[in-house]
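*Asks:* What shape does this take:
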Amino acid sequence: MAPLRISFLIRSVYDLLPSNANLVLWVKKDDPKCPLCQGKQTTKYVLSSCKVALSQGRYTWRHNRVLQELASVISTAKGDICPSSTSSTVFTTEGGVKKWHVGSITINTHRKGLLDGCGDWVVSADLPEWERHPGVIRKTALRPGIVILSVSTQQIIMVELTVPYESRMEEAHAFKEGKYLDLTKELKKDGYEAKVIPVEIGARGFVGSLAFGLLRKLSIGGNKRTKALRLLAETAENSSRWIWSKRDERLLHKD
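*Replies:* Sure, this is the predicted structure:
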């Protein structure tokens, strides 16, 4: 890891970044206020609560960068039917004196995933460069981050990403679950098997456990899952590092 990245991670975790609140505590400054909105400038405030940063879309920019990576990962998942095999089981007595067959049993060689058997599923994301959400979603006022639709099996999986400050992960999860409860009920009335999966990637790069569970349910495992989770964490962290570097600047110059 690059030295600057290590420094940001360690100091952000232990609240040792030079926020104005810390500089006052360290007797390096007299005013703890955020120069953008006059709130108390702490690390948490800069990365998740500044009203000017929010209105300028800094947090939305970070969210969309992580959403782009998550949508790309999900779009590579496979909806193949879990193969199974039949095997004849043989029992042998100690010493190999006698052995006998007890018939055939079915062995599942893969764990069943959400998309198993859905060969026609399509991934859409609430991003300009991605395919639009299906009409059944667009007719509502809600815009889930990612929608996975299978017409043949009438399944809709909505993945709702949040990039909160780590101490707010549980709060963000509960909010997203409640937000889409009515939409899920409406979709079920229309004949869809619908579910919403909230996923949280912390602003400082800590990945919530449900992100791991989501990829597992989509049959994304092994090194591919490890790399995907690392990429999501790095994207959130790098974006927050940029937001931190612009904490005192009103004008933005993003790439």
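*Asks:* any idea of the pLDDT on Ala141?
*Replies:* Turning to Ala141, the model gives it a pLDDT of 87.
*Asks:* What strand or helix carries it?
*Replies:* Under the criterion DSSP states H and E, no helix or strand holds Ala141.
*Asks:* ok, it - how many residues close by?
*Replies:* When neighbours are counted by other Cβ atoms under 10 Å, Ala141 registers 6. In this view, the C-beta of every residue, glycine as well, is placed from N, C-alpha and C.
*Asks:* And Gly119, by the same measure?
*Replies:* Neighbours of Gly119 under the rule other Cβ under 10 Å: 13.
*Asks:* Check whether Thr184 really touches Lys195, as I assumed.
*Replies:* Yes - applying Cβ atoms under 8 Å, one finds Thr184 in contact with Lys195, separated by 6.7 Å.
*Asks:* what residues are shared contacts of the two?
*Replies:* Met158 (Cβ atoms under 8 Å, 6 or more residues apart in numbering).
*Asks:* Where do the strands of the stretch 51-200 of the chain begin and end?
*Replies:* Ranges of strands in the stretch 51-200 of the chain, per DSSP state E, counting those that start in this stretch, are 84-92, 99-108, 122-125, 146-150, 155-162, 193-200.
*Asks:* quick one: the helices in this protein?
*Replies:* Here the chain has its helices, by DSSP state H, at 3-13, 20-25, 43-48, 51-55, 58-75, 135-138, 169-179, 181-189, 209-217, 222-245.
*Asks:* Only the C-alpha atoms, please, for the last one, written as CSV.
*Replies:* These are the backbone C-alpha positions of helix 222-245, laid out as CSV (Å, rounded to 0.1, in the frame of the first residue of the first chain):
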residue,chain,number,x,y,z
GLY,A,222,-13.1,-17.5,-4.1
ASN,A,223,-10.5,-15.1,-5.5
LYS,A,224,-13.1,-13.3,-7.5
ARG,A,225,-15.1,-12.4,-4.4
THR,A,226,-12.0,-11.4,-2.5
LYS,A,227,-10.9,-9.1,-5.4
ALA,A,228,-14.3,-7.6,-5.7
LEU,A,229,-14.6,-6.8,-2.0
ARG,A,230,-11.1,-5.3,-2.0
LEU,A,231,-12.0,-3.2,-5.1
LEU,A,232,-15.2,-1.9,-3.4
ALA,A,233,-13.2,-1.0,-0.2
GLU,A,234,-10.5,0.8,-2.1
THR,A,235,-12.9,2.7,-4.2
ALA,A,236,-14.8,4.0,-1.2
GLU,A,237,-11.6,4.8,0.6
ASN,A,238,-9.9,6.6,-2.3
SER,A,239,-13.0,8.7,-2.9
SER,A,240,-13.1,9.7,0.8
ARG,A,241,-9.5,10.6,0.7
TRP,A,242,-10.3,13.0,-2.2
ILE,A,243,-13.2,14.4,-0.2
TRP,A,244,-10.9,14.9,2.7
SER,A,245,-8.3,16.7,0.6
